[in-house]
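Novice: I would like to see how this sequence folds:
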Amino acid sequence: MGWGMRKPRWIVKPVAVGGDLGEASGGAGVGGLSGNENGNGNSAPGRAGKPVIYHCISRVVERRFAFGPDEKEKLRTFMRMYENFSGNRVLSYCFMCNHIHLLVEITPAPAGGLTDEELLRRVGCIRSEAQVAVLAKELAEARKAVVAGVVKDAASYVAAIHERFTWRMHDLSQFMQGFLQRFSLWFNSKHERSGHLWEDRFKSVIVEDGVAARTMAAYIDLNPVRAGIVEDPAEYRWSSYGEAIGGPVKDYRLMGSGAKGNGKKSREGLVRACLAHEGVGFEAERWKDVSRIYRRLMGMALGKNKGRAAVEGRGVVTKNTAEMLESEDNETVLPDLGMAGMLLCRIRYFTDGAVIGSRAFVNGAFERARERFGARRKDGARRMRGSGAAAKGVLWSLRDLRKRV
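Specialist: The predicted model follows:
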C-alpha cells in the first residue's frame, strides 16, 4: 500500500480539526457560523428548525492509496460506533482508497438531557464493558449520595459525571475527531507505523435539506462510478447505497467479513437525506419509494434487477432511458438528465463551496457570517459554473469558485 513498515511506537498525532472558512470546528461550520448561538449546530443557518447537515471530506496524507477491504470495513465499524455514541446520524457515506466522504446530520441534544441508562448505552458504543461498569457504579453511588443528602447541589453533582461524555455528543468536530483518531490508532497498529494518517484537517460544507441534501448524497454514492471502479454504485460495498441494498460481493475474499449486512442504517440515512424537507425522519420503511427516486437522481436505470444497470453518459445507454425521459421532471430536480450527468463529474463546489443550497439558504448563511466578508459583497449566493452548471439556478454556493470548476 506504499507505507513504510516500522516497529510500532504506539503514537498517533492528533487529527487537526480546523476553523477556517469551509472547514468545521466545534460543529460551528463555516467560519464560526453555526445553527444556533451556542455553536453546537442544533439548528441550521438560514431558517430555524431546518436540519443541520454537513458534507465532510478527509484525505489520506500524500493522497496515498492506503485503504483496502479490511480498512474500509474498519472505517464503517468505527463510523457507526461514533454515530451511535454521538447521537449524530450519517445520511450518506463512501470510503475510497485514499479519501472518505460523509454526509452527516448534527442532531439536537435531548432537551431534558440523557438518562443514566441512555448515557451508559452510548458510552458502551465506544468503551469496553469494564469501563461502562465502572461508570455505572459511579453513577449509582452518586444517586445514593443525592438521596442521602450527602451533597448539597444534587443536580450539578450528577450532571458533572454526564458532562464528561456529553460535551462530545451532538457536535460535528468531536464526531469527526473521535472517528478519525480511533481509526488512525487501529491503522497505525496494524501497519506498524506512527504519525499522521490524514492529510491536514477535514473539510466540511454546510448542505441544505431537500434538493441539496439528496443531490449531495447521490454525488457521494457515485464516487466509485466516477473513479471507474464500478458501473453501478450498487456494486460498491463501502458506500451508503451499496450497503442499503446489500450489493453483490464479487470478491470471494470478502465473504464472511460482514460484506453484505442488512443495510438498515444506510436505508434510514438515505430516506432522511431525500425527504427531510418533508418532515420525514429515519424511516427505513420508506426506502422502496425513495430508492426509485434516488436511482433516477444518480442516472441509473430501473430495470427488474436493481443494482444491474448502466450509467447514462459513460458510453453505455441505460436499459430504461425512455422511462427516465418520459417523466416530466425525471423524478429528480431538473427536467432532463442534466443533473445525473453532472454528478458523474467532479464538482469542486461540493467540497469547497462552504455552503450549498437554495439561494435563500445560502444568503441566510452569508448574513450570519457577514463580518467575514468585505463591504463590497452584497449577498452570499453564487451561481455554480463549470461542471456544476447543470444545477445553475437550483443550487447555489457561498464561494464564488473560479479555478478547477
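
Novice: switch to C-alpha atoms for all contacts and neighbour counts from now on
Specialist: Fine.

Novice: Strands of the protein, residue ranges please.
Specialist: Under the criterion DSSP state E, the chain contains strands at 53-59, 89-95, 99-105, 203-207, 355-357, 382-383, 396-397.

Novice: Make TSV from those and add mean neighbour count to it.
Specialist: Output for the strands of the chain, formatted as TSV (neighbours: other Cα atoms under 10 Å):
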stretch	mean neighbour count
strand 53-59	24
strand 89-95	27
strand 99-105	25
strand 203-207	31
strand 355-357	28
strand 382-383	19
strand 396-397	28
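
Novice: right, and the ones you listed - which one's nearest Leu114?
Specialist: strand 89-95 (17.2 Å; Cα to Cα).

Novice: any idea how far the closest one is from the chain center?
Specialist: 4 Å (Cα atoms, centre = their mean, to the nearest Å).

Novice: Sketch out the low-pLDDT regions of the stretch 301-405 of the chain for me.
Specialist: For the stretch 301-405 of the chain, the stretches with pLDDT under 70 are 301-338.

Novice: Contacts only, for Val104.
Specialist: Taking Cα atoms under 8 Å, 6 or more residues apart in numbering, we find Val104 in contact with 53-56, 88-92.

Novice: where does the protein dip in pLDDT?
Specialist: 1-48, 154, 247-262, 301-338.

Novice: mind listing the helices for this protein?
Specialist: Per DSSP state H, the chain carries helices over the ranges 69-86, 116-123, 129-147, 154-166, 172-190, 211-221, 223-226, 240-244, 264-275, 287-297, 321-326, 338-342, 349-352, 359-368.

Novice: Switch the ones you listed over to JSON lines; also include mean neighbour count and distance to Pro108.
Specialist: Converted to JSON lines, the helices of the chain look like this (neighbours: other Cα atoms under 10 Å; distance: least, Cα to Cα, whole Å):
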{"stretch": "helix 69-86", "mean neighbour count": "20", "distance to Pro108": "10"}
{"stretch": "helix 116-123", "mean neighbour count": "17", "distance to Pro108": "15"}
{"stretch": "helix 129-147", "mean neighbour count": "15", "distance to Pro108": "24"}
{"stretch": "helix 154-166", "mean neighbour count": "15", "distance to Pro108": "12"}
{"stretch": "helix 172-190", "mean neighbour count": "20", "distance to Pro108": "11"}
{"stretch": "helix 211-221", "mean neighbour count": "26", "distance to Pro108": "18"}
{"stretch": "helix 223-226", "mean neighbour count": "22", "distance to Pro108": "30"}
{"stretch": "helix 240-244", "mean neighbour count": "27", "distance to Pro108": "23"}
{"stretch": "helix 264-275", "mean neighbour count": "26", "distance to Pro108": "15"}
{"stretch": "helix 287-297", "mean neighbour count": "19", "distance to Pro108": "24"}
{"stretch": "helix 321-326", "mean neighbour count": "14", "distance to Pro108": "38"}
{"stretch": "helix 338-342", "mean neighbour count": "20", "distance to Pro108": "32"}
{"stretch": "helix 349-352", "mean neighbour count": "22", "distance to Pro108": "24"}
{"stretch": "helix 359-368", "mean neighbour count": "21", "distance to Pro108": "19"}
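
Novice: Distance to Glu105 for those helices - can I get that in JSON lines?
Specialist: Compiled in JSON lines, the helices of the chain are given as follows (distance: least, Cα to Cα, whole Å):
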{"stretch": "helix 69-86", "distance to Glu105": "10"}
{"stretch": "helix 116-123", "distance to Glu105": "17"}
{"stretch": "helix 129-147", "distance to Glu105": "27"}
{"stretch": "helix 154-166", "distance to Glu105": "17"}
{"stretch": "helix 172-190", "distance to Glu105": "9"}
{"stretch": "helix 211-221", "distance to Glu105": "10"}
{"stretch": "helix 223-226", "distance to Glu105": "20"}
{"stretch": "helix 240-244", "distance to Glu105": "14"}
{"stretch": "helix 264-275", "distance to Glu105": "9"}
{"stretch": "helix 287-297", "distance to Glu105": "18"}
{"stretch": "helix 321-326", "distance to Glu105": "30"}
{"stretch": "helix 338-342", "distance to Glu105": "23"}
{"stretch": "helix 349-352", "distance to Glu105": "16"}
{"stretch": "helix 359-368", "distance to Glu105": "17"}
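
Novice: Compare those helices and give me the one nearest Phe202.
Specialist: helix 172-190 (8.2 Å).

Novice: which strands and helices sit next to that closest one?
Specialist: Under the contact criterion of 3 or more Cα pairs under 8 Å, 6 or more residues apart in numbering; DSSP states H and E, helix 172-190 touches helix 69-86.

Novice: got the contact list for the helix it packs on?
Specialist: With Cα under 8 Å, 6+ apart, helix 69-86 has contacts from 89-90, 95-96, 122-126, 168-171, 175, 178-179, 182-183, 187, 238, 254.
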